[in-house]
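1. Turn this into a model:
(2 chains)
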Amino acid sequence: DARVTQTPRHKVTEMGQEVTMRCQPILGHNTVFWYRQTMMQGLELLAYFRNRAPLDDSGMPKDRFSAEMPDATLATLKIQPSEPRDSAVYFCASGRMHEQYFGPGTRLTVT
Amino acid sequence: AQSVTQPDIHITVSEGASLELRCNYSYGATPYLFWYVQSPGQGLQLLLKYFSGDTLVQGIKGFEAEFKRSQSSFNLRKPSVHWSDAAEYFCAVVWNNNNDMRFGAGTRLTVKP
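-> Now for the predicted structure:
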């Protein structure tokens, strides 16, 4: 049963620290997405990649967020420096065509 | 702007009762339509999808949805709700053959015993 995996599942950090979240997409999926979920904003698309190339990162605050896909089995989302307003659940999803399969998320708390 | 609307923030139904969750989207050519379910602390799980063909689609866990182009709607239904169906449900739409999936705000379902 192929699944998207995300690490860590939970992260608590202090303001100003760097945070790195990792995602392993389902093998064979050529599209990877990063979302952020908060109570106030709901699900927001931050960035997505197709065949490892970034296609759209317009939803991501560029001054502190960066997303990369160093190889087909790993996508990363970094926040540097982190701020309390970044506290949220970050989801990775992978897919083919228009279907997306979500990972369990990383719950980030920035104090 | 393209948008997805789920008019009901919270719905409560009794176990065994029927369920309908509403979803409307702004007009756009060739919408691809999805329903996802999210249990507390979990990611989103795909329930069903509509790309083309028969406008009534069957999904997992006994759910179905009907695409009505004239109403720009894709409502989710289940004939008999189980306590384990309590979760948050998200409608999502992809327009014009791109990968930009827009989600509704979600509907939280509570199931009464």
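
2. what bridges to the residue nearest to residue B:58 when sequence neighbours are not counted?
-> Nearest residue to residue B:58 in three dimensions, chain neighbours excluded: residue B:64, at 5.2 Å (Cβ to Cβ, 6 or more residues apart in numbering or on different chains). To be clear about C-beta, it is placed using only N, CA and C from the backbone, and glycine gets the same treatment. Beta bridges link residue B:64 to residue B:58, residue B:77 when assigned by DSSP bridges.

3. okay but residue B:64 is in contact with residue B:48, surely?
-> Yes - here residue B:64 reaches residue B:48: they are 7.2 Å apart, a contact under Cβ atoms under 8 Å.

4. Can you work out which residues contact both of the two?
-> B:57-58, B:76 (Cβ atoms under 8 Å, 6 or more residues apart in numbering or on different chains).

5. Residue B:84 in helix, strand or coil?
-> Classification of residue B:84 by DSSP: H, G, I helix; E, B strand; the rest coil places it in helix.

6. since we're on it, how many residues are nearby?
-> 10 (other Cβ atoms under 10 Å in any protein chain shown).

7. so what pLDDT did it get?
-> For residue B:84, the pLDDT comes out at 95.

8. Check the one 3 residues further on too.
-> At residue B:87, the pLDDT value in this model is 97.

9. So which bits of chain B are right by chain A?
-> Within reach of chain A by Cβ under 8 Å from any Cβ of the partner chain, chain B has these residues: B:32, B:34, B:36, B:42-46, B:49, B:51, B:90, B:94, B:97, B:99-101, B:103, B:105-106.

10. which bits of chain A sit near chain B?
-> Within chain A, the positions adjacent to chain B are A:4, A:31, A:33, A:42-43, A:45, A:48, A:50, A:55-56, A:91, A:93, A:95, A:98-105 by Cβ under 8 Å from any Cβ.

11. circling back to that earlier point, sort out which of the residues of chain B next to chain A are in strands and list them.
-> Using DSSP state E, B:32, B:34, B:36, B:44-46, B:49, B:90, B:94, B:101, B:103 are the members of those that sit in strands.

12. which among those residues end up buried?
-> Among those, the ones that count as buried by 16 or more other Cβ atoms under 10 Å in any protein chain shown are B:32, B:34, B:36, B:44, B:46, B:49, B:90, B:94, B:101, B:103.

13. Take the residues you listed and lay them out in CSV including distance to residue B:81 and pLDDT.
-> What follows is these, written out as CSV (distance: Cβ to Cβ, whole Å; pLDDT from 0 to 100):
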residue, distance to residue B:81, pLDDT
B:32, 26, 91
B:34, 20, 95
B:36, 17, 97
B:44, 19, 94
B:46, 19, 93
B:49, 21, 94
B:90, 17, 97
B:94, 28, 87
B:101, 26, 84
B:103, 22, 91
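
14. So, low pLDDT: which residues of chain A?
-> Across chain A, the ranges flagged by pLDDT under 70 are A:1, A:97.
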